[in-house]
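> I'd like to go over a predicted model; first the sequence, then the structure.
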Amino acid sequence: MKAPRRPDAAQNRTRIVEAARAALAESDHVHLNEIAKRAGVGQGTLYRNFPSREALLAEVYRRDVEELVAAASALLAEHEPVDALRRWLDRVIDYAEVKRGVLAALEPAAWQDLVADSHNPIEGALGRLLEAGKAAGSVRADVDARGVLQLIAYLSRLDRREWDSAARPLMSVILDGLTR
């Protein structure tokens, strides 16, 4: 059994992941030395936590998926279903931007496994949001999570230069089509 991480070691790991996430949101070309500088750690600390670039990028992706999935229940607890769905879809835009960076930086075999592992939890989270909206009468009865995810997948086709101007308006069109 692994010993628990020291608090400073856990903080370093979190800072490294956050720095990598920020770098991915800015560019598909992520350099580990830049991430270490952003995180305020040395190269040795970075490599102790993440022995390869792929390991770091996979952790960024996994954490984003975990946060996105957890957000669905939290948002439903705090907001009406359509507002919760709107806020969750806004988070999906941020997630998709980082996802694109991770996928561009990893070899196809590595990212295919990540995407396969994340699909069901994300579909489940979206399904909970849609079902709450249907129960409240604010979401169309004829939509399901799988179909909505197919619509959202179009975001991956946006060029990085178009992202800021197009992603949120397109997501608004999707939300408008889902609601009554």
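In hand now; what should we look at?

> Does anything pack onto the biggest helix by length in the chain? Which helices or strands?
Longest helix of the chain, by residue count under DSSP state H: helix 108-136. With contacts defined as 3 or more Cβ pairs under 8 Å, 6 or more residues apart in numbering; DSSP states H and E, helix 108-136 has these neighbours: helix 53-78, helix 81-105, helix 145-152. For the C-beta atoms, the positions are set from N, CA and C on the backbone; glycine is no exception.

> Could you tell me which residues within the first one count as buried?
By 16 or more other Cβ atoms under 10 Å, the buried positions in helix 53-78 come out as 53-54, 56-61, 63-65, 68-69, 71-72, 75-76.

> now do the last one
Residues of helix 145-152 classed as buried by neighbour count (16+ other Cβ under 10 Å): 145, 148, 152.

> Looking at these, which is nearest V17?
Relative to V17, the closest of the buried residues of helix 145-152 is I152; by Cβ to Cβ it sits at 24.0 Å.

> Just want the angle from the longest helix of the chain to helix 145-152.
120 degrees (axes from the mean of the first three to the mean of the last three Cα atoms, to 10 degrees).

> For helix 108-136, give the mean pLDDT please.
Averaged across helix 108-136, the pLDDT comes to 88.

> so how far is it from its chain's centroid?
Between the centre of helix 108-136 and the centre of its chain there are 11 Å (Cα atoms, centre = their mean, to the nearest Å).

> which stretch among the helices and strands packed on helix 108-136 comes nearest R6?
Proximity to R6 (Cβ to Cβ) singles out helix 53-78 among the helices and strands packed on helix 108-136, at 18.3 Å.

> Report the rounded mean pLDDT for the closest one.
93.

> ok, now how distant is E80 from T179?
E80 sits 11 Å away from T179, going by Cβ to Cβ, to the nearest Å.

> go on, A116?
Applying Cβ to Cβ, the value for A116 to T179 is 30 Å.

> Comparing the two, which residue is more hemmed in?
Comparing A116 with T179 by other Cβ atoms under 10 Å, the one with more neighbours is T179, at 15 against 9.

> Quick check: bridge partners of the more buried one?
T179 has the following beta-bridge partners by DSSP bridges: V139.

> right, and it touches A136 too?
No - the pair T179 / A136 is not scored as a contact, 10.5 Å apart, by Cβ atoms under 8 Å.

> and for these two, which residues touch both?
Common contact partners of T179 and A136 (Cβ atoms under 8 Å, 6 or more residues apart in numbering): V82.

> which other helices and strands contact the helix or strand hosting A23?
Element membership for A23, per DSSP states H and E: helix 7-26. With contacts taken as 3+ Cβ pairs under 8 Å, 6+ apart, helix 7-26 sits against helix 32-39, helix 43-49, helix 53-78, helix 81-105.
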